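Visitor: predicted model and sequence follow; I will ask about them next.
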Amino acid sequence: MMGTVIQYILYLVILVLLAIPLGAYIGKVMNGEKTILSKVFVPCENLVYKVTRIDKNEQMNWKKYTVCTLLFSAAGLVGLFLLQILQGFLPGNPQHLPGVPWDLSFNTAISFVTNTNWQAYSGESTLSYLTQSLGLTVQNFVSAATGIAVLFALIRGLIQVKKEELGSFWVDMTRVIVHILLPLNLVIAVCLVGGGVVQNLKPAETVDLLEPIAVSAKGEILENADIDLETQTVTVSGETISNAQIVTQQIVPLGPAASQIAIKQTGTNGGGYFGVNAAHPLENPNPFTNMMEMISLLLIPAALCFTFGRNIKNKKQGIAIFMAMFLCLALALSVVAVNEQLATPQLSQNGAVDTAVSQMQAGGNMEGKETRFGIATSSTWAVFTTAASNGSVNSMHDSYTPLGGMITMLLMQLGEVIFGGVGCGLYGMLAFAILTVFIAGLMVGRTPEFLGKKIEPYEMKWAVAVCLATPVAILIGSGIAAALPSVADSLNNGGAHGFSEILYAYSSAGGNNGSAFAGFNANTVFLNVSLGLVMLFARFIPIVGTMAIAGSLASKKKAATTAGTLSTTNAMFVFLLIFIVLLVGALSFFPALSLGPIAEYFSSIV
Amino acid sequence: MKAMKSTLLRTVLFSLTFTIICGVIYTALVTGIAQLLFPKQANGSIIEVGGKKYGCELLGQQYTDDAHLWGRIMKVDVGTFTAEDGTPLMYAAPSNLSPASEEYQALVRERIEKLRAANPDMDETAIPVDLVTCSGSGLDPHISPAAAEYQVPRLAKANQITEDEIRAMIRECTDGKWLGLFGEETVNVLEVNLRLDGIL
């Protein structure tokens, strides 16, 4: 028991210890300051500028920066869509997979460009190695870099006084990828391979099964069958089954997995190389690789809080934002941990099944969880991945206890601001901070200010749009889906849990998260298209809103701090910020959650 | 209009450049280093004895024989992959069932009965939870030491060796927590079974 608690604490401590120095490094890189690695990377950076003919000193106003962001995402979208449709005719396809259908390509292209990585497909059976590396791996990098770039435009908007200059989108992108993402991922990917993750360009292997499996002509597995391999006959209770097939081999999927897994974690993308994501033993074989993957999924979002404080020259502000996020994270983790460890009466069967934690086993609700990860490591990952808008999983959230599963859903519904995606989590949280100073300003009757900039109706309108884009997209999307009879065919579970599967899917798309209650079959034309639109809306409305706020703040003068200025760095502000985030989330989602997980919880205990 | 055109051109050039850097150079670099430093792991940790590939150390298989150690419950999939000659290949998927439904309760009850019938020596001992649940990947190669211990009397009888010999084999195939702290202790089911069959 003690060992389990220590694991939870250490995971959190290691995260913070690594995030602080990385935060400082990112801050320096983005300002173009010298770092210990400048000697190696600055020449690479300059080479990129030369090849792409970019002026390093260009300064963009908010409109130009936004146009570049949107155009670049659109180009990625079109490229990835075509790559999937045409993969059957392209090289790098040793499994001879056909082109991907249009609706699935549409969904997947949006999903990776918006940093969501919702996967309506299973990687090993749908996508060629070429699509995986030229399409998905590349979007994993650039969609993450886009989030960070937009964040830095906002940071510059907060610092600038009566100017319009927010930096250059191209320079920001290049710096993020060359100085931060590439070196970090190279190291992580090699460590992962050392731990057992596959990385090659060979077609899948086949290996022998120790016990052959008999399959009827209809493709059903025959249990208790006697299999005679020499005569190739299958008998069940003395009766010979005609046309039965004997399966003697297992497939071992291979490919360039580790390189993609590293970036899907660090870039809060989350799209697994294999269908079952980081639960797959070839994607995440042991607690060592798990540590690498799990810490890296929250590392950059946590580090960016410290970067923010450093670059606006107000470290306390960075720490205040970090504390608000961290407290919510710790709270969510404790609820999930307790519920998963307690399991359910349906599983423990009045003591016939041993669900207690001991020296010999992890106990708890092991449905959908891997033995090597047990409860502590699975629960921590589940909370990290839904707090960050990562969405990779090392256990199946569909099989969580009702309340444990609800917390993962709620973390996404809060708008992915408890750390959230790289860059976008923090700019989302800053929109909530603006909302908070506005409400606090109303309460004490003062003009709201944030970091010396007056918050006026223009900023408020956009901040509200940023904060509400996610709830609106989720509620409208899942509302329509729940009303359509055809969607019921996609469900894997009945009753309240079935509704939870729909709600989770739209929460995941609306939060740009990408994890799933994976029993839900999302690969239908309606779901592919509607979830695709939800992802687009929830990604780009906040980007435009954030840029508009950045542009407006940059052009304002900086007000002097007086005794009457409301502090945005003290415990009171942290508390208010958490309160506003939870309030917006609870007001938006309480009705929906009570029809899903809460209803399921109460029916399971009676 | 001219500015728009140049931005568009820049976008395409920039996208292509980073497709080459992140898609080709990065992937090739990782693959090269991986194949050089960790050839076994990079290629799927396959257990090969005398030229025959006896499974993958990291992928679970289904065992129903009394003489073999049983693993996690498997939802076997023989419909997704086929060999080049068309014979189906085995793979597996997670159940994605809610552990709080009545259907699930009935399913677990069935599994308990099956395990009790196969392990008569254990009487009414509570069954370790990983033996009655499906894993997250569907391909979990491990079970907990408790789940292995539960099967020791059956394995000893079916293989006609002593319980202590079985326990010694299980210990050889047990991995501790990483650094003694992280993750859980695990028994690799395939490795135990290859030892029971005298292959390893």
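Guide: All right, it came through fine.

Visitor: when you work out contacts or count neighbours from here on, use the C-alpha atoms and nothing else.
Guide: OK.

Visitor: can you report phi and psi for residue B:178?
Guide: phi -70, psi 130 (degrees, to the nearest 10).

Visitor: got it, and residue A:239?
Guide: Taking degrees, to the nearest 10, you get phi -100, psi 130 for the backbone angles of residue A:239.

Visitor: what does residue B:71 give?
Guide: Per degrees, to the nearest 10, the backbone of residue B:71 is at phi -100, psi -150.

Visitor: who are the contact partners of it?
Guide: B:60-63, B:131, B:141-143, B:189 (Cα atoms under 8 Å, 6 or more residues apart in numbering or on different chains).

Visitor: can you tell me how far residue B:100 is from chain A?
Guide: To chain A, residue B:100 is 6 Å away according to Cα to the nearest Cα, to the nearest Å.

Visitor: show the end-to-end separation of stretch B:16-31, please.
Guide: 21 Å (Cα to Cα, to the nearest Å).

Visitor: returning to what we had before: which of the contacts of residue B:71 are buried?
Guide: B:60-63, B:131, B:141-143, B:189 (16 or more other Cα atoms under 10 Å in any protein chain shown).

Visitor: I'd like to know how far the closest residue to residue A:237 other than its chain neighbours sits from residue B:94.
Guide: Counting by Cα to Cα, 6 or more residues apart in numbering or on different chains, residue A:237 lies nearest to residue A:225, which is 7.4 Å off, once chain neighbours are set aside. Using Cα to Cα, one gets 23 Å for the distance from residue A:225 to residue B:94.

Visitor: next one: residue B:191
Guide: 22 Å.

Visitor: the two: who's more crowded?
Guide: residue B:94 (28 against 25; other Cα atoms under 10 Å in any protein chain shown).

Visitor: next, count neighbours for the closest residue to the more buried one other than its chain neighbours.
Guide: Spatial nearest neighbour of residue B:94, excluding adjacent residues (Cα to Cα, 6+ apart): residue B:138 at 4.2 Å. For residue B:138, the number of neighbouring residues by other Cα under 10 Å comes to 30.

Visitor: for residue B:138, phi and psi?
Guide: phi 80, psi -10.

Visitor: residue A:376 too?
Guide: phi -60, psi -50.

Visitor: where does the residue in the stretch 451-600 of chain A that chain B sits nearest to land in three-state SS?
Guide: Closest to chain B within the stretch 451-600 of chain A is residue A:519: 4.9 Å, counting by Cα to the nearest Cα. On the three-state scheme (DSSP: H, G, I helix; E, B strand; the rest coil), residue A:519 is labelled coil.

Visitor: how near is it to residue A:504?
Guide: When distance is defined by Cα to Cα, residue A:519 is 11 Å away from residue A:504.

Visitor: returning to what we had before: what's near enough to touch the residue of the stretch 451-600 of chain A closest to chain B?
Guide: Each residue near residue A:519 by Cα under 8 Å, 6+ apart is listed here: A:398, A:491-493, A:501, B:95-97.

Visitor: touching, the residue nearest to residue B:94 and residue B:62? I think so.
Guide: No - when contacts are counted by Cα atoms under 8 Å, residue B:138 is not listed as touching residue B:62 (10.5 Å).

Visitor: show the backbone phi and psi for residue B:53.
Guide: Given degrees, to the nearest 10, the pair of backbone angles that residue B:53 has is phi -90, psi 100.

Visitor: go on, residue A:210?
Guide: Torsion angles, degrees, to the nearest 10, at residue A:210: phi -70, psi -40.

Visitor: ok, now the one 3 residues further on?
Guide: Note on residue A:213: its backbone torsions stand at phi -120, psi 130 [degrees, to the nearest 10].

Visitor: what's the answer for residue A:47, then?
Guide: phi -60, psi -40.

Visitor: and it, how close does it get to chain B?
Guide: From residue A:47 over to chain B (counting by Cα to the nearest Cα), the distance is 11 Å.

Visitor: measure how buried that residue is and give me the count.
Guide: Neighbour number of residue A:47 under other Cα under 10 Å is 12.

Visitor: what about the helices in the stretch 501-606 of chain A?
Guide: A:525-554, A:571-595, A:597-605 (DSSP state H, counting those that start in this stretch).

Visitor: most neighbours per residue, which of those?
Guide: Comparing the helices of the stretch 501-606 of chain A on average neighbours per residue, with mean count of other Cα atoms under 10 Å in any protein chain shown, the densest one is helix A:525-554 at a mean of 23.

Visitor: does anything pack onto that one? Which helices or strands?
Guide: helix A:62-85, helix A:102-113, helix A:138-159, helix A:424-444, helix A:457-483, helix A:495-510 (3 or more Cα pairs under 8 Å, 6 or more residues apart in numbering or on different chains; DSSP states H and E).

Visitor: how about 6 Å then?
Guide: On a contact count with 3 or more Cα pairs under 6 Å, 6 or more residues apart in numbering or on different chains; DSSP states H and E, helix A:525-554 meets helix A:102-113, helix A:138-159, helix A:457-483, helix A:495-510.

Visitor: mind checking pLDDT for residue A:39?
Guide: We have a pLDDT of 94 for residue A:39.

Visitor: re earlier: pretty sure the residue nearest to residue B:94 sits against residue B:90.
Guide: No - when contacts are counted by Cα atoms under 6 Å, residue B:138 is not listed as touching residue B:90 (11.7 Å).

Visitor: contacting residues for the residue most central in space within chain A?
Guide: Nearest to the mean C-alpha position of chain A, counting by Cα atoms, centre = their mean, stands residue A:390 at 1.4 Å. Residue A:390 makes contact with A:268-270, A:513 under the criterion Cα atoms under 6 Å, 6 or more residues apart in numbering or on different chains.
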